[in-house]
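Trainee: Predicted model follows, preceded by the sequence.
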Amino acid sequence: MAWFRAGYSAARIAIRKTLCHSGSYMTRIQGLPSHNRSFHRTIFRSKAQASAIPQFMPLSKLTDNFLDATSSVYLEELQKAWESDPNNVDESWDNFFKNFAGQSVTSAGISGQTIQESMRLLLLVKAYQVNGHMKASLDPLDLEEREIPDDLDPAFHGFTEADLDREFFIGVWNMYGFLSENRPVMTLQSILTRLQQAYSGHVGYEYMHIDDSAKCNWLRDKIETPTPMTYNKERRDVFLNRLTWSTYFENFLATKMKAAKRFGLEGGETLIPGMKEMFDRASDLGVENIVVGMPHRGRLNVLGNVFRKPLAQIFSEFDKNAKSLDEVGLYTGTGDVKYHLGTSYDRPTRAGRRIHLSLVANPSHLEAVDPVVLGKTRAKQYYTNDADRSRNMAVLIHGDGSFAGQGVVYETLHLSALPNYTTGGTIHIVVNNQVAFTTDPRSGRSSQYCTDAAKALNAPIFHVNGDDIEAVAYVCELAAEWRQTFHSDVVVDIICYRRFGHNEVDEPFFTQPKMYKVIQKHPSSLEIYQNKLLESGDITQEDIDRIHRKVNTILNEEYSNSKDYVPKRSDWLSSHWSGFKSPEQLSRIRNTGVNLDVLKKVGKAITVLPDDFKPHKQVKKIYDDRAQMIETGEGIDWALAEGLAFATLLLEGNHVRLSGQDVERGTFSHRHAMVHDQESGKQYCPLDHVMMGQNEEMFTVSNSSLSEFGVLGFELGYSMENPNALVMWEAQFGDFSNGAQVMFDQFLSGGESKWLRQSGLVVLLPHGYDGQGPEHSSARLERFLQMSDSDPYVVPEMDSSLRKQIQECNWQIHRDFRKPLVVMSPKNLLRHKSCKSNLCEFDDVQGHPGFDKQGTRFKRLIRDQNDHSDLEEGIRRLVLCSGKVYYELEEERNRLSEKDVAICRVEQLCPFPYDLVQRELKRYPNAEIVWCQEEPMNMGAYSYIAPRLIHNHENHGERIF
């Protein structure tokens, strides 16, 4: 469409010059309809004083217009090129010349006058397609003052009142990009009526920014029909019933819970029937699962009316004295406010199908749930083999202020077409209150619409008046059809209002007095629709009263039942998580060693490149060295050990996914999981070939967009869908993780406790003071430790058969529970000569270095590497540390030949390994205890370690640090 936009803009300028020649210019004073049938009331004034309205002059008579000079020459050249070969011109021009060549009044072909009139008509039609939304009646309160563009006035294009009844040849569909139902001629009045019906009613369409003519034509086919929103009595009865439930639910809560915050949907009640219509239509088109994310406003209504959460349960959550289930072993967590909770439900559709709905729990932080929903949806698509992404869909509900203001919205939009992040299109619904808390739109955004950011993604945007339920239902269905047809994002902007303040106890007159004076007198969308149906005769007052009585009766019955409602045992794990343990249940520690033959087999698979593949010479050396490591079983470095871990998990049937900025190569050029042919540019991933016939997505390593908040949220959502996966996000440098702090604070550290949802997400944060400056040194270890839920003054049960320490802490794949894992991953240790292992340290053979009395598993604490006995009274100092500083301490100890200093590595900081630390303290009874870290005292692990070490050592009666 770029060719049209450029030409259209030039043509508008030329027409303005044409109609305002002789020193006059045109200013639109108001956009109200005149008494004439289709013309705006337009006043022409000269630059000095008002002058007479200039008379229309045929374009062929003017010397300075868009068809003269360059434009007319260009058109003639196009015609000659077309006559020579229709393939020489764009398809739209081919249609233009083809139709006129066959229908022109003169046998000579296209006359100059015919082309001029046609071009003027073309520009009028395009004006409505581009700017018709500016004339649409979108604001239910009628408070918005918008200037109607001049080019929507036929007079702007040189048409007069006399032209209204003239018939114009318009050809067939697509000649003007305007649906004419194959009628060769239409009067100008008929064309204008069709345009106004399509673009100037209660829906405003924005789609001309889309660079795909097929998509634009598809939308015009849907929009430019004579009766796009005509529903029979049966459908209208359904709309009325659904709108009644939506409205009466809010009214009931307002009556029974007057002093409670509930963030009701009053003023936007049409969202509920709109969502139901969208889901019904999506189901008709093959969608089986929908994952929904939304803010707190309207959430209870969505839970009750769309997700069918028991109304008695919703009402009981308002009662502080509600009964609770006292059951041993039942994990209830801390809970969260009722308007943050999620749920799932198999919803029956209008056509008799069932569609599974999942509402993701979210915090108060608006829009933070967006990438989480997309990640969960992408995971569903993987686990259900939904390769064309047609059976699993994401729907995000936004507020107007947050859609425009929160950066994570654009980060999420930006993932929409990325190969390893796309979900085949997301439907975005904006519940547009026209105010954000107390902030007016003029102070909350710089663009005209709150949805303008979506234009960067070529997403169509449907603005709709929230008082018109049929218009809302129509665009919601249209959005579902778009998503299933083109598998790309689409936005529905429901322009409504907020009948009360930000919450029900807030006073909105403090900041929006004018708006709320109008709102006080404004009828509800239910009242408006009831009156419409009464006037049309589709329904009687008796029908309305009967629906009201039924809804009220059910609401009152459920309210009575809520007094005795006892929560059922929490269904806090979905079917994929069956058998996984809650923090209240004991989970045994398992060995993680792998048979040496298996290690060598997978090691060979991941270190060999195809014979005809031509990698970079340095990468080839890396792979040759890795192959040698596997062959000799010696010198295994971090990158190869990581690859072996991934490969053995794949061999066991687990899905492995690693994403983040530059993870394919690795920030420090250490991983090279994706290798590039230096001649053809082809890519090869050895971990895709661990097994014969391996699903290409079973192992996914993907460079992400330059985003932390959005991508980490995506991977978090991905990890929540199925426990049989290792899902990882790696920061480019550890300190960049603070760009996603909301995810750590609100989701990762507290999601299980608040919402009863586990996640096994692994976060890799390169950390260490390596001389690269303060910005690339610290991953802020202290922040993660501070968020960890453990009492430093209580030593938990440490017997390996009874220990639940990790399960009870809020921060591991061979366990029957899941916790997030934060790893301070290395930088200079990636190639450190001493930081290497032998292959036998990973195996499951008793007697090998990696196998101790408990088997091969992660070492929470690594004892001093000197051959110390169980009691070493001659050691004067025990240095405890973690990470890379150990190698520096060891080097210095060797240089000084300090034989009376022991160094132990605390490799698992949280949960703190009390039992192993106590073992080392007993080993060195006369030693001074020192904690060593390279970070300053207010950073690193010091504040976390100090009280735990003091508590462990308090019976010695000495200062530890």
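Mentor: Okay, I see it.
Trainee: Moving C-terminal from the longest helix belonging to the chain, which element do we reach first?
Mentor: In the chain, taking DSSP state H as the definition, the longest helix is helix 233-256. Using DSSP states H and E, the next helix or strand after helix 233-256 towards the C-terminus is helix 271-284.
Trainee: Give the next helix or strand downstream of that next one.
Mentor: Remark: after helix 271-284, the chain's next helix or strand is strand 289-293, criterion DSSP H and E.
Trainee: pretty sure Val598 is in contact with Leu649, am I right?
Mentor: No - under the criterion of CB atoms under 8 Å, Val598 is not in contact with Leu649, lying 11.8 Å apart. In short, each C-beta sits where N, CA and C put it, glycine included.
Trainee: Neighbour count: these two, which is higher?
Mentor: Neighbours per residue (other CB atoms under 10 Å) separate Val598 from Leu649, with Leu649 holding more: 22 against 16.
Trainee: For the helix or strand harbouring the more buried one, report the contacting residues that lie outside it.
Mentor: Assigned by DSSP H and E, Leu649 belongs to helix 638-651. Residues outside helix 638-651 that contact it (CB atoms under 8 Å, 6 or more residues apart in numbering) are 594, 598-599, 602-603, 605-607, 626, 629-630, 636, 656, 658, 666, 670-673, 686-687, 690-691, 694, 698-699, 726, 813, 826, 829-830, 835, 837, 842.
Trainee: looking only at pLDDT, what's the mean for it?
Mentor: For helix 638-651, mean pLDDT rounds to 96.
Trainee: for Gly751, what are its contacts?
Mentor: Each residue near Gly751 by CB under 8 Å, 6+ apart is listed here: Ala361, Arg757, Ser759.
Trainee: Out of the residues you listed, which one has the lowest pLDDT?
Mentor: Least confident entry in these, by pLDDT: Arg757, with 77.
Trainee: and it, what are its phi and psi?
Mentor: Backbone dihedrals for Arg757, given as degrees, to the nearest 10, come out at phi -130, psi 130.
Trainee: residue contacts, it?
Mentor: Neighbouring residues of Arg757 by CB under 8 Å, 6+ apart: Gly342, Ala361, Trp572, Met720, Gly751.
Trainee: do the same with Glu631
Mentor: Shown in contact with Glu631 (CB under 8 Å, 6+ apart): no residues.
Trainee: and if you look at Val492?
Mentor: Gly274, Ile427, His428, Ile429, Val430, Phe462, Val464, Val475, Cys476, Ala479.
Trainee: quick check, the fourth one in a strand?
Mentor: Yep, that's Ile429 we're talking about. Yes - under DSSP: H, G, I helix; E, B strand; the rest coil, Ile429 falls within a strand.
Trainee: these two touch, right, it and Ala394?
Mentor: No - Ile429 is not in contact with Ala394 according to CB under 8 Å; the separation is 11.4 Å.
Trainee: who has more neighbours, the two?
Mentor: The neighbour comparison of Ile429 against Ala394 (other CB under 10 Å) goes to Ala394, with 31 against 25.
Trainee: Mind checking what secondary structure that one has?
Mentor: Under three-state DSSP, Ala394 falls in the strand class.
Trainee: Distance check, it against Gly298.
Mentor: If you measure Ala394 against Gly298 using CB to CB, to the nearest Å, the figure is 18 Å.
Trainee: Ok, Asn458 next?
Mentor: 28 Å.
Trainee: same question, Pro913
Mentor: Distance from Pro913 to Gly298, by CB to CB: 47 Å.
Trainee: Just want to know which of these two has more residues nearby.
Mentor: Gly298 (28 against 20).
Trainee: where does that one land on pLDDT?
Mentor: Gly298 carries a pLDDT value of 92.
Trainee: Any idea how many residues pack against the closest residue to it other than its chain neighbours?
Mentor: Once flanking residues are discounted, Gly298 sits nearest to Leu265: 3.7 Å by CB to CB, 6 or more residues apart in numbering. Leu265 has 26 neighbours, counted by other CB under 10 Å.
Trainee: Leu265 reaches Asn301, doesn't it?
Mentor: Yes - Leu265 is within contact range of Asn301, at 4.6 Å (criterion: CB under 8 Å).
Trainee: any residues in contact with both of the two?
Mentor: Ser246, Glu250, Leu271, Ile272.
Trainee: any chance of those in JSON lines, with neighbour count and distance to Glu708 too?
Mentor: Listed next are those as JSON lines, based on neighbours: other CB atoms under 10 Å; distance: CB to CB, whole Å:
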{"residue": "Ser246", "neighbour count": "30", "distance to Glu708": "38"}
{"residue": "Glu250", "neighbour count": "25", "distance to Glu708": "38"}
{"residue": "Leu271", "neighbour count": "26", "distance to Glu708": "31"}
{"residue": "Ile272", "neighbour count": "25", "distance to Glu708": "35"}
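Trainee: what's the offset of the helix or strand following the helix holding Leu649 from the middle of its chain?
Mentor: With elements assigned by DSSP H and E, the helix or strand that comes after helix 638-651 is strand 655-660. In terms of CA atoms, centre = their mean, to the nearest Å, the centre of strand 655-660 is found 18 Å from the chain centre.
Trainee: before we move on, what about stretch 683-690?
Mentor: Centre-to-centre, stretch 683-690 and its host chain are 29 Å apart (CA atoms, centre = their mean).
Trainee: cool, and stretch 254-272?
Mentor: Offset of stretch 254-272 from its chain centre (CA atoms, centre = their mean): 26 Å.
Trainee: Equivalent analysis for stretch 552-569, please.
Mentor: Computed by CA atoms, centre = their mean, the chain-centroid distance of stretch 552-569 equals 35 Å.
Trainee: Among the contacts of Arg757, name the ones in helices.
Mentor: Met720, Gly751.
Trainee: Closest one of the contacts of Arg757 to Phe784?
Mentor: Lowest distance from Phe784 to the contacts of Arg757 (CB to CB) belongs to Gly751, with 14.8 Å.
Trainee: per-residue confidence at that closest one?
Mentor: pLDDT at Gly751 comes out at 72.
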